[in-house]
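J.: Fold the following for me, if possible:
(one chain, ligands or ions: 2)
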Amino acid sequence: MKKENYVTLFETKAAKGRLAYKLYAASVIIGICLIFSYRVIHLPAQGGLETWTWIGITLAELWFALYWLITQSVRWNPISRYTFKDRLSQRYEKVLPKVDLFVCTADHTVEPPLMVVNTVLSVMAYDYPTEKLCVYLSDDGGSELMLYALLEASRFSKYWLPFCKKFKIEPRSPGAYFSTDFKPFNIDPVMAKEGLTIKELYEDMKKRIDNATKLGQVPEEARKEHKVFQEQWDLVSSRRDHPTILHILTDGSDPRAVDIEGQTLPTLVYLAREKRPQYHHNFKAGALNALLRVSSQISNGQVLLTVDCDMYSNNSGSLRDALCFLMDEEKGQRIAFVQFPQGFDNITKNDVYSGSLRVIMEVELPGTDANGGPLYIGTGCFHRRDVLCGKKYKKDYQNDWWTENDKRVKESAKVLVENCRSLASCSYEENTEWGKEMGLKYGCPVEDVITGLSIQCRGWRSVYYNPERKAFLGLAPTTLLQALVQHKRWSEGDLQIFLSKYCPFVYGHGKIPLKLQISYCVWLLWAPNCLATLYYVVVPSLCIHRGLSLFPQVSSPWVLPFLYVIAAKYAYSIGELLWIGGTFQEWWNDQRMWLYKRTTSHLFGFTENILKLLGFAKSGFIVTSKVADEDVSLRYEKEVMEFGAPSPMFDILATLSMVNLFSFFGALKRVSMDSQHGVLDHLALQMLLCGLAVVINLPVYRGLFFRKDNGRMPSAITYQAVIIAILANIGAFLY
Ligand SMILES: O=c1ccn([C@@H]2O[C@H](COP(=O)(O)OP(=O)(O)O[C@H]3O[C@H](CO)[C@@H](O)[C@H](O)[C@H]3O)[C@@H](O)[C@H]2O)c(=O)[nH]1
Ligand SMILES: [Mn+2]
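T.: Residues are numbered from 1 along each chain as shown. Ligands and ions are numbered 1, 2, ... in the order given. Model (predicted):
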């Protein structure tokens, strides 16, 4: 493409209203300075407990202030991006690059095969030349049910893909489309007729897959029809001990691989890498690295998509959107990956568990994009293959999309499969750079974030693209415990990065902009928030018993900066959430979830890191369940919090809620016995804090004392929480 007729394939726009925002931020900073002046001037002189609690609360507030400042980095200058797919197709339609699509699954018991194949079908149906698409399913569960489901899906795809393209339907996950978007009565009759036929085919497939899943075995006919089951599963002794299983279901280069209209089908490959008990498999990072190697032999697409098995493509244009960034001749050369937001299609109206990640997706990531590029968040992300494999950015880098990079020698599928197996074996990576300088990094529960960071530190940038029609939709956790456990993994992994040699300030120094280093800390420093938060929800409340005041009297002017900062911060955050489409109730739920995450997930993530540093612990990856019992789902639909499982996380939540409840009663008693209102004057802010803690914990009290269903708090937790809270309150009273 010649320079003079260069028209960009994407554009970037800055958000409006930034001046107002900056004024607001400046006013909060003034408020914060006044608060610290108050803290210093009023430091109790006598020493002892009073002074120490004062120092404690000052440190907690210092932390909050620091963290708030960090979060400003991602709110300062958010940007949004727009693509021109028509220009892409005008220029490059005939020479579009090959794209490999990676779907990861780990366990068919928590990730139902039907859901997984819906994701696979949705990406097979991208609006893209099918001969250039290759879809890989990595199955860390090594489950024959998963392969069976995929075989069913490959047969169904012969009908599904032509239907999608003919009528340009969205979304292209048949499950999602037929359950909500297909309205046979008010569409074109031809489409309705064909749609109904295909719906029937889908229902049949669904029945077969679900039945097999329920029975836990592949039907006999399928076993007879497909030799792969005997040939490859007879050597499987368990999901943790088996050789590589690799099966090419559809080989796009085979002229017989066509749909019912004679169009080539995308290549479809199943891979369960080798697993042996004596080798660590490195979770999803290990799976993706095996896929990187195997796919390099089969299709070697220059662009890759990584997607979780529950995240179906909801927008068939996303692949082309991504290419608009990567193929832009001028600004695209440095872009390593295009990250789409994670969207979810199981969020309830007011998002009880804050599963939508709305603020992260709509505010913080666009803000990070402005600072040098968003994080890689594991799913819904298009990469350049050679960058993910370890390539460094050089100034004169030009991706050559058009040299033939087809490594595949014209050999039969059988020979190819044999050659690829060793690439997915356990021992292949020994004494190589895989997991270190090549591919996804090992040893971190957030392989995505650390890999993205190191890509950026090799000189690359990334782009965040949030199209109007959501690009991917997945499943958010549907129980409180799942949400907390997921956040523990994230906060633990994030802090691990901060404490390792990959700390953005050290590793990124001179390689990524300072503002991007700071932006990373918004997430990397989630976990340490637990300390200040725990202090803030426990100590001021307990201090009420002794009449120990930690905040200014209401009658003193010093109360103003406190009130201003609290009011301004919350008013802004309500405004922010409403602006990006949330509800007020959702905001309130979000506050509650932050409190819960900080006092449990982040606390555990924090301690785990300390233990790891001392050599006592290792990271794991607990896969989030994508299925739930019927009554659990019903409660989720009704936004009733789910506590029904013993967990140390719930011990903490219950105890904190009871501590505050007793303190609040104590406070009420004090106020009622004091006719001069001196107590109220002294303790009003503390009572407000404690009162808020009580109000936000209403669902916990309900779970502890008033509910009869299976989602209530286990009674052992109730007793324990009440006893500890009573002891803590008595202790505070006597001390
Ligand atoms: O040993 C493993 C464990 C997980 N997975 C897959 O990884 C994906 C994500 O797992 P999930 O349990 O759904 O975790 P989430 O917390 O929802 O995942 C988020 O966080 C992860 C990092 O912690 C990222 O890898 C994900 O892309 C991101 O969506 C799923 O497709 C799993 O099948 C594997 O392939 N192998
Ligand atoms: Mn997930």
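J.: Secondary structure class of T306, three-state.
T.: strand (DSSP: H, G, I helix; E, B strand; the rest coil).
J.: number of nearby residues for it?
T.: Other residues lying near T306 total 28 when counted by other Cβ atoms under 10 Å. Heads up, the C-betas are built off the backbone N, CA and C, glycines and all.
J.: Might one say that it is in contact with H383?
T.: Yes - when contacts are counted by Cβ atoms under 8 Å, T306 is listed as touching H383 (7.1 Å).
J.: V103 should be in a strand, yeah?
T.: Yes - under three-state DSSP, V103 sits within a strand.
J.: quick one, what contacts the single nearest residue of the stretch 351-500 of the chain relative to ligand 2?
T.: Closest approach between the stretch 351-500 of the chain and ligand 2, counting by Cβ to the ion: G474, at 5.8 Å. Contacts for G474 (Cβ atoms under 8 Å, 6 or more residues apart in numbering) come out as 308, 310-312, 342-345, 379.
J.: same check, this time on F665
T.: Applying Cβ under 8 Å, 6+ apart, no residues contact F665.
J.: secondary structure class for it?
T.: Applying three-state DSSP: F665 is helix.
J.: Could you give the average pLDDT over stretch 508-527?
T.: Averaging pLDDT along stretch 508-527 yields 98.
J.: Is any residue of that stretch near ligand 1?
T.: No - Stretch 508-527 does not reach ligand 1 (Cβ under 6 Å from any ligand atom); its nearest approach is 11.5 Å.
J.: okay, now V671: neighbour count?
T.: V671, neighbours per other Cβ under 10 Å, totals 16.
J.: tell me which element it is part of?
T.: Secondary structure assignment for V671, by DSSP states H and E: helix 648-673.
J.: so after the lowest-mean-pLDDT helix or strand in the chain, what's the next helix or strand?
T.: Lowest mean confidence among the helices and strands of the chain (mean pLDDT, DSSP states H and E): helix 413-423, at a mean of 86. Remark: after helix 413-423, the chain's next helix or strand is helix 447-457, criterion DSSP H and E.
J.: which helices and strands does the helix or strand following that following helix pack with?
T.: Later in the chain than helix 447-457, the nearest helix or strand by DSSP H and E is strand 461-464. The helices and strands touching strand 461-464, judged by 3 or more Cβ pairs under 8 Å, 6 or more residues apart in numbering; DSSP states H and E, are strand 335-339, helix 365-370, helix 447-457.
J.: how far out from the middle of the chain is the next helix or strand after strand 461-464?
T.: Using DSSP H and E, the helix or strand that follows strand 461-464 in sequence is strand 472-474. Centroid separation for strand 472-474 versus its chain: 11 Å, with Cα atoms, centre = their mean, to the nearest Å.
J.: Mind giving me the packing neighbours of the next helix or strand after strand 472-474?
T.: Moving toward the C-terminus from strand 472-474, the next helix or strand (DSSP H and E) is helix 480-499. Counting contacts by 3+ Cβ pairs under 8 Å, 6+ apart, helix 480-499 packs against helix 447-457, helix 514-524, helix 584-596, helix 602-613, helix 648-673.
J.: how about the first one against ligand 1, any contact?
T.: Yes - using Cβ under 6 Å from any ligand atom as the criterion, contacts between helix 447-457 and ligand 1 involve D448.
J.: any residues touching that helix, and which ones?
T.: By Cβ under 8 Å, 6+ apart, helix 447-457 touches 282-285, 288, 336-337, 339, 372-378, 381, 387-388, 439-441, 444, 462, 493-494, 497, 502, 504, 507-508, 511-512, 516, 520, 523.
J.: cool, the second one as well?
T.: Helix 514-524 is contacted from outside by 70-71, 73-74, 76, 364, 367-368, 371-373, 375, 449, 453, 456, 490, 494-495, 497-498, 503-505, 508-509, using Cβ under 8 Å, 6+ apart.
J.: can you rerun that using 6 Å?
T.: Helix 514-524 is contacted from outside by 70-71, 73-74, 368, 371-372, 494, 497-498, 504-505, 508, using Cβ atoms under 6 Å, 6 or more residues apart in numbering.
J.: Out of those residues, which end up buried?
T.: 70-71, 73-74, 368, 371-372, 494, 497-498, 504, 508 (16 or more other Cβ atoms under 10 Å).
J.: Out of those residues, the closest to Q591 would be?
T.: Closest to Q591 out of the buried ones among the contacts of helix 514-524 is T71 (15.0 Å), distances taken as Cβ to Cβ.
J.: so which helix or strand takes in that closest one?
T.: Going by DSSP H and E, T71 is in helix 48-72.
J.: Show me which residues of the helix or strand just after that helix are buried.
T.: Sequence-wise, the next helix or strand downstream of helix 48-72 (DSSP H and E) is strand 79-83. For strand 79-83, the neighbour count (16+ other Cβ under 10 Å) marks 79, 81, 83 as buried.
J.: List the contacts of the last one.
T.: Read it as T83. T83 neighbours (Cβ under 6 Å, 6+ apart): 10, 321, 324.
J.: For it, give the beta-bridge partners.
T.: F10 (DSSP bridges).
J.: so how far is S89 from it?
T.: Per Cβ to Cβ, to the nearest Å, T83 is found 11 Å from S89.
J.: who in the stretch 551-700 of the chain is up against ligand 2?
T.: Within the stretch 551-700 of the chain, the positions near ligand 2 by Cβ under 5 Å from the ion are T624.
J.: repeat for the chain
T.: Checking the chain against ligand 2 by Cβ under 5 Å from the ion, the hits are 308, 624.
J.: Skipping adjacent residues, who's closest to the residue of the chain at minimum distance from ligand 1 in space?
T.: Distance from ligand 1 to each residue of the chain (Cβ to the nearest ligand atom) is smallest for G378, at 2.1 Å. Nearest residue to G378, sequence neighbours excluded (Cβ to Cβ, 6 or more residues apart in numbering): D448, at 3.6 Å.
J.: Report how many residues lie close to the one you found.
T.: Neighbour number of D448 under other Cβ under 10 Å is 24.
J.: what do you get for the one 3 residues further on?
T.: For T451, the neighbour count with other Cβ under 10 Å is 24.
J.: what do you get for Y279?
T.: Y279 has 15 nearby residues by other Cβ under 10 Å.
J.: Same question for N419.
T.: Around N419 there are 15 residues (other Cβ under 10 Å).
J.: And the nearest residue in space to it that is not next to it in sequence, how close does it get to V135?
T.: Spatial nearest neighbour of N419, chain neighbours left out: Q297 (6.4 Å); criterion: Cβ to Cβ, 6+ apart. Separation of Q297 from V135 (Cβ to Cβ): 16 Å.
J.: If you count surrounding residues, which of the two has more?
T.: V135 (30 against 15).
J.: right, and the more buried one touches V269 too?
T.: No - contact between V135 and V269 fails when scored by Cβ atoms under 6 Å: they sit 7.1 Å apart.
J.: re the thing from before, mind putting the buried residues of strand 79-83 into CSV with pLDDT and distance to ligand 1?
T.: Listed next are the buried residues of strand 79-83 as CSV, based on pLDDT from 0 to 100; distance: Cβ to the nearest ligand atom, whole Å:
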residue, pLDDT, distance to ligand 1
I79, 97, 24
R81, 98, 21
T83, 98, 23
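J.: Export these as JSON lines, with columns for distance to A571.
T.: Converted to JSON lines, those look like this (distance: Cβ to Cβ, whole Å):
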{"residue": "I79", "distance to A571": "25"}
{"residue": "R81", "distance to A571": "29"}
{"residue": "T83", "distance to A571": "35"}
